[in-house]
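A.B. asks: need coordinates for the below:
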Amino acid sequence: MTKKISHVLVPGTFDPITFGHMDVVRRALRICPRVTVAVAESLGKNGVGTTFTLDERVELARRALDGMDGVDVMPFTGLLVDFAREVQADAVVKGLRAMTDFEYELQQADLNYRLDAGLESIFVMSSPEYGYLSSSVVRQIASFGGEVDTFVPPCVAAALKERFCGLPAAI
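C.D. replies: Numbers count the residues shown, from 1 in each chain. Sure, this is the predicted structure:
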């Protein structure tokens, strides 16, 4: 008998969480009723340190996703497959914006499968309005004092202003 998917992970560094990430979480909720947003401690795709600490990224994600029933936000370190086992997740949901995302995520899915063949990988295409959106683009705009309100929730926009422009904002 095939096991139904009852709990999925949406992993990432979320540095910071964007409306694109939030869209993937909403869409993951259509797949199953329980979603854990897994905020990685790691350095990220490009080997560059993060703008926000792990605790800050977790708190920003919690605030951004507040009110979404069935969603939990948790930090993790180490291998994603180990974290998936720990929280008893059945699958990983990843959003894809372009072919470059697909190539990277396919490699990750293959490695995860080799480490745990029971952990499914599910890819969802970006909604068209978020196909261009990335945390790195948001950080770059914010670092030059640009407005990021159309890309991130207010709590994240305020945190970016504080980080890059020295304007006070409580995370």
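A.B. asks: who's in contact with stretch 22-34?
C.D. replies: Taking CB atoms under 8 Å, 6 or more residues apart in numbering as the criterion, the residues outside stretch 22-34 that touch it are 5-8, 10, 35, 37, 64-65, 68, 70-72, 90-91, 93-95, 122, 124, 126-127, 130, 153. Using the backbone N, CA and C atoms, a C-beta is placed for each residue, glycine as well.
A.B. asks: mind checking the pLDDT average for the strand or helix carrying Tyr104?
C.D. replies: In the assignment (DSSP states H and E), Tyr104 maps to helix 99-115. Here helix 99-115 scores 93 as its mean pLDDT.
A.B. asks: send me that helix as CSV with only the CA atoms.
C.D. replies: What follows is helix 99-115, C-alpha atoms only, in CSV (Å, rounded to 0.1, in the frame of the first residue of the first chain):
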residue,chain,number,x,y,z
MET,A,99,16.0,26.1,-15.3
THR,A,100,18.9,27.0,-13.1
ASP,A,101,16.7,26.4,-10.1
PHE,A,102,15.7,23.0,-11.6
GLU,A,103,19.2,21.9,-12.1
TYR,A,104,20.2,22.7,-8.6
GLU,A,105,17.1,21.3,-7.0
LEU,A,106,17.3,18.1,-9.1
GLN,A,107,20.8,17.5,-7.8
GLN,A,108,19.6,18.1,-4.2
ALA,A,109,16.6,15.7,-4.8
ASP,A,110,18.9,13.0,-6.2
LEU,A,111,21.2,13.3,-3.2
ASN,A,112,18.3,13.2,-0.7
TYR,A,113,16.9,10.1,-2.5
ARG,A,114,20.2,8.4,-2.2
LEU,A,115,20.3,9.2,1.5
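A.B. asks: name the helices or strands packed onto that helix?
C.D. replies: Counting contacts by 3 or more CB pairs under 8 Å, 6 or more residues apart in numbering; DSSP states H and E, helix 99-115 is packed against helix 80-87, strand 91-96, strand 120-125.
A.B. asks: one step back: now the contacts of stretch 22-34: which count as buried?
C.D. replies: 5, 7-8, 10, 35, 37, 64-65, 71, 90-91, 93-95, 122, 124, 126-127, 130, 153 (16 or more other CB atoms under 10 Å).
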